[in-house]
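Undergrad: 3D, please:
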Amino acid sequence: MPKDINDLRRDRKAAADDMKAKADAIATLEEAETPDAEALATAQADFEKAEAAFKAADTAVKRAESVEAAQAAAATGEVDQPGTTLAATTPAAPAEKGLKFARMMRLIAAAGGNAYTARQIAEEQGQSGLFASMQMGTGEAGGFLVPEDVSSEVIELLRPASVVTAMGPRIVPMPSGNMTMNRRATGATFGYGEEGQDAPATGYTFGQVKLSAKKLHGIVPISNDLLRTSSTAVDRMVRDDAVADAAQIQDRFFLRGAGTESAPKGFRYQLVGTSYAGTNILTMTAAPDLAKVDADLGRMELALQNANVPTTGAHWIMSPRVAMYLTNLRDGNGNRVYPEMADGRLRRKPVHVTTEIPDNLGGGTESELMLVHPMHVVVGEHMGISIAMSNEAAYKDANGDMQSAFSRDETLMRMIMQHDIGLRHLPALAVMTGVTWGG
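TA: Predicted structure coming up:
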């Protein structure tokens, strides 16, 4: 018996997971000080097989989706004359990542937050397949827990939109909402000796990384005029607004969150109160000039290297003002000191620019600069995405003024995600404070 579209989608998800596992195996082998060439070749062959399996599964899903869309068009099209059927006005199933999420949100909003009614509206519009595999669980405060295959697409879009997750940290699931793992503090003790002589006592010491799900939630107002329009362009707007807003706030706390029971502790405060605060939290050299700027960048790299953290693969994170200063910095002959900044790199390492590192710290002109190796960054994710809709609630706008969704003819989409961030190896991060470059 042929598999239905839901079975094919599950096969594709399994193939994607297998492909990721094979890619992670290659990355682990490549991170070794002396990579095993034979093992790498075998791992690469396994990855290519997994990649071929995913492409085959993806092709099968897309073929089934095309058939489903054609059947929906045939069912809802109007006969104009014998042998001619007008094209259905309902758009075909979305292929872009995140559009299915946005289309579900739009239909649920049109249904007043009722998932069952949304399913009926979808069927009337010829999109019965949209909710075919949708077993929506109950989220917090009356919201709906979006299906895993749909929410994962949005999270995949969120990761490159966020500075921190775009670096490629280790993403780990937290099914119970909490996770504790060992953090290596010091290495083992080795030494030479004679036969029969006791080996040195093992010198491993461990700390702990404790992650607990912190709730990231936000409200996206959507015009009801847009929601009444069945359009892929509208779906893109809903998706892009949700992703952009969530990514910005996630970066705000992942970078500089002070760390509370309800919010993550960001990079800026991960080292505070630890033995690495004195070596890896640095202060900009006063009266900066070309030589001092170059030396300060070197100090940050050295902070990682002194802890046996390779700077190859590390990433810079800075504000737009600091990035522009380094881009325009010139030597005595008028040559750019860091021409690679135009390509988003500094001293052969990627650069991430974000307004979530302020330029008005300290006396009002100070900023911060961070250097971190993402291999030692752990992001724990819990639950996926929970959404709720309301066209009657009130919300605060950018000026802090209360607005009524009902009077403005808007529908509010509240989105909730839960995650936390930590460092497996503390000295994999260096922070420079008091940066006035370009101020």
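Undergrad: need the helices for the protein, in chain order.
TA: For the chain, the helices defined by DSSP state H cover 5-30, 37-76, 99-110, 115-124, 148-161, 163-166, 224-227, 232-256, 267-270, 277-280, 290-305, 320-328.
Undergrad: can you list the residues that contact stretch 149-166?
TA: Stretch 149-166 has contacts (C-beta atoms under 8 Å, 6 or more residues apart in numbering) with 9, 13, 97-98, 100-101, 104, 133-134, 146, 171, 239, 242-244, 246-247, 250-251, 254-255, 267, 317, 352-354, 356, 377, 379, 381, 384-385, 417, 421. From N, CA and C alone the C-beta is placed, and that goes for glycine too.
Undergrad: Drop anything exposed from the residues you listed.
TA: 9, 13, 98, 100-101, 104, 133-134, 146, 239, 242-243, 246-247, 250-251, 254-255, 267, 317, 352-354, 356, 377, 379, 381, 384-385, 417, 421 (16 or more other C-beta atoms under 10 Å).
Undergrad: so what's the closest residue in space to Pro350 that isn't next to it in sequence up against?
TA: Nearest residue to Pro350 in three dimensions, chain neighbours excluded: His315, at 4.9 Å (C-beta to C-beta, 6 or more residues apart in numbering). Applying C-beta under 8 Å, 6+ apart to His315 gives the contacts 167, 349-352, 371-374.
Undergrad: in the chain, which residue is closest to the centre?
TA: Arg159 (2.1 Å; C-alpha atoms, centre = their mean).
Undergrad: Run through the bridge partners of Leu429.
TA: For Leu429, the beta-bridge partners are Val372 (DSSP bridges).
Undergrad: ok, back up a step: buried ones among the contacts of His315?
TA: When the contacts of His315 are checked against 16+ other C-beta under 10 Å, the ones flagged as buried are 167, 349-352, 371-374.
Undergrad: For these, give me a markdown table that also has pLDDT and distance to Leu271.
TA: Output for the buried ones among the contacts of His315, formatted as a markdown table (pLDDT from 0 to 100; distance: C-beta to C-beta, whole Å):
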| residue | pLDDT | distance to Leu271 |
| --- | --- | --- |
| Met167 | 94 | 18 |
| Lys349 | 97 | 20 |
| Pro350 | 97 | 21 |
| Val351 | 97 | 21 |
| His352 | 97 | 19 |
| Leu371 | 98 | 12 |
| Val372 | 98 | 11 |
| His373 | 97 | 14 |
| Pro374 | 96 | 16 |
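Undergrad: Return the member of those nearest to Leu412.
TA: Using C-beta to C-beta, His352 comes nearest to Leu412 of the buried ones among the contacts of His315, at 31.1 Å.
Undergrad: Identify the bridge partners of the closest one.
TA: The partner residues for His352, given DSSP bridges, come to Ile317.
Undergrad: Can you give me the first-to-last residue distance of stretch 344-354?
TA: Using C-alpha to C-alpha, to the nearest Å, one end of stretch 344-354 lies 13 Å from the other.
Undergrad: Identify the residues contacting that stretch?
TA: 163, 166-167, 251, 255, 297, 301, 311-320, 323, 326, 338, 340-341, 371.
Undergrad: one step back: which of the buried ones among the contacts of His315 sit farthest apart?
TA: Val351 and His373 (14.6 Å).
Undergrad: on that earlier part again, out of the helices of the chain, which is closest to Gln403?
TA: Taking these one by one with C-beta to C-beta, helix 224-227 is closest: 14.0 Å.
Undergrad: then that closest one to PDB, C-alphas only?
TA: Presented in PDB, the C-alpha positions along helix 224-227 are these (Å, rounded to 0.1, in the frame of the first residue of the first chain):
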ATOM      1  CA  ASN A 224      -7.200  42.000   9.900                       C
ATOM      2  CA  ASP A 225      -7.300  43.400   6.400                       C
ATOM      3  CA  LEU A 226      -4.200  41.300   5.700                       C
ATOM      4  CA  LEU A 227      -5.600  38.300   7.500                       C
END
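Undergrad: other SSEs contacting it?
TA: With contacts taken as 3 or more C-beta pairs under 8 Å, 6 or more residues apart in numbering; DSSP states H and E, helix 224-227 sits against helix 99-110, helix 232-256, strand 410-423.
Undergrad: which of the residues in that helix are buried?
TA: Within helix 224-227, the residues that count as buried by 16+ other C-beta under 10 Å are 226-227.
Undergrad: Could you give the average pLDDT over that helix?
TA: Across helix 224-227, pLDDT averages out at 77.
Undergrad: Also stretch 393-401?
TA: Average pLDDT, stretch 393-401: 84.
Undergrad: what comes up buried for that stretch?
TA: Buried residues in stretch 393-401, counted by 16+ other C-beta under 10 Å: 393, 395.
Undergrad: Now do the end-to-end distance for it.
TA: End-to-end distance for stretch 393-401: 14 Å, by C-alpha to C-alpha.
Undergrad: Distance from the chain centre to it, please.
TA: 27 Å (C-alpha atoms, centre = their mean, to the nearest Å).
Undergrad: Any buried residues in stretch 159-166, and which?
TA: By neighbour count on 16+ other C-beta under 10 Å, the buried set for stretch 159-166 is 159, 161-166.
Undergrad: Return the member of those nearest to Ala21.
TA: Among the buried residues of stretch 159-166, and counting by C-beta to C-beta, the member closest to Ala21 is Arg159, at 17.8 Å.
Undergrad: I'd like the distance between the closest one and Asn391.
TA: Note on Arg159: its distance to Asn391, by C-beta to C-beta, to the nearest Å, is 31 Å.
Undergrad: Below-threshold pLDDT in the stretch 51-200 of the chain: ranges please.
TA: 71-95, 113, 115, 124-144, 184-191, 198-200 (pLDDT under 70).
Undergrad: repeat that for 80
TA: Low-confidence segments of the stretch 51-200 of the chain, defined by pLDDT under 80: 65, 68-97, 105-157, 182-200.
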